Each structure stands twice: as C-alpha cells, then as structure tokens.
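S.K.: give me coordinates for this.
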Amino acid sequence: MSYGFLQRWTHGARSSVVAPEAPRICGGRVGRGWPVQDSLGEKLGDVAGERDGFLIVTRGLLRSELFIPEESIAGLRGDTVSLNEAIGSPASERWSTTPRKH
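M.R.: Residues are numbered from 1 along each chain as shown. Presented below is the predicted three-dimensional model:
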C-alpha cells in the first residue's frame, strides 16, 4: 500500500507551521539562527525573528530574549549580525525590555 499522498500532505501541512516569515530587518537579508555579536565581538545570541523594527535575539539555555532596535545594527559580516553598541552600554540596557507598539 502506498502512503505517498499522506506523506506529501503531512509534509505540506507541517512546512507552513515550521517555516514562519523571515525577518525583514536589513532588507530581509538576515536569517533565523544567525549569530548576533556586539561592537566588541562578543556573541549575544541567535536571531529568532523580527517584530515592529526590532530584531529578536534568543540567548542562553533559558532562551531569554533581547530586542535589538534596527538602528543598533551596524551591518552584516557574512552570516553574522554586527551591532554598533557593546553589551553593557547605556543603550543596550533597553534591549531586554519587550518593545511596545507605537
């Protein structure tokens, strides 16, 4: 007995849930899972998504989140997001606060 149709159906159903929209930050060139580093080269975590102009970065075993505003992104180096601020700077202290809609 062939289950080809069922396999195609379950794969198609699963893919729409597993693969949400990619972040639009940096012109849509940022991918989920990309590492994020501060201006001193310290890794802060990995890209989890984007919301309202903020890059969402997950970090650590407890999966805490940082919300990096688009203006704090210096650019991309390969598949790494570089920031123009160092962790611990006054601007970075707001990154752990969930952004509010305007």
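S.K.: quick one: low-confidence ranges for this protein?
M.R.: Residues of the chain that meet the criterion pLDDT under 70 lie in 1-28, 101-102.
S.K.: for it, longest strand please?
M.R.: Longest strand in the chain, counting residues (DSSP state E): strand 43-51.
S.K.: what's the next helix or strand after it packed up against?
M.R.: Downstream of strand 43-51, the first helix or strand assigned by DSSP states H and E is strand 54-59. Counting contacts by 3 or more CB pairs under 8 Å, 6 or more residues apart in numbering; DSSP states H and E, strand 54-59 packs against strand 43-51, strand 64-69. Glycine gets a C-beta too; all of them are placed from N, C-alpha and C.
S.K.: want to try TSV for the ones you listed, with mean neighbour count and distance to Thr58 as columns?
M.R.: Shown next, in TSV, are the helices and strands packed on strand 54-59 (neighbours: other CB atoms under 10 Å; distance: least, CB to CB, whole Å):
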stretch	mean neighbour count	distance to Thr58
strand 43-51	18	4
strand 64-69	18	6
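S.K.: hang on, the earlier thing: need the CA coordinates for the longest strand of the chain. CSV is fine.
M.R.: Once non-C-alpha atoms are left out, strand 43-51 reads as follows in CSV (Å, rounded to 0.1, in the frame of the first residue of the first chain):
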residue,chain,number,x,y,z
LYS,A,43,28.3,36.8,20.8
LEU,A,44,24.9,37.8,22.3
GLY,A,45,22.8,35.0,20.9
ASP,A,46,21.0,34.0,17.7
VAL,A,47,18.3,35.6,15.5
ALA,A,48,14.9,34.3,16.4
GLY,A,49,12.8,36.8,14.4
GLU,A,50,11.7,40.3,13.9
ARG,A,51,8.8,42.4,15.4
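S.K.: run through the neighbouring helices and strands of that strand.
M.R.: Strand 43-51 packs on strand 35-37, strand 54-59, strand 64-69, going by 3+ CB pairs under 8 Å, 6+ apart.
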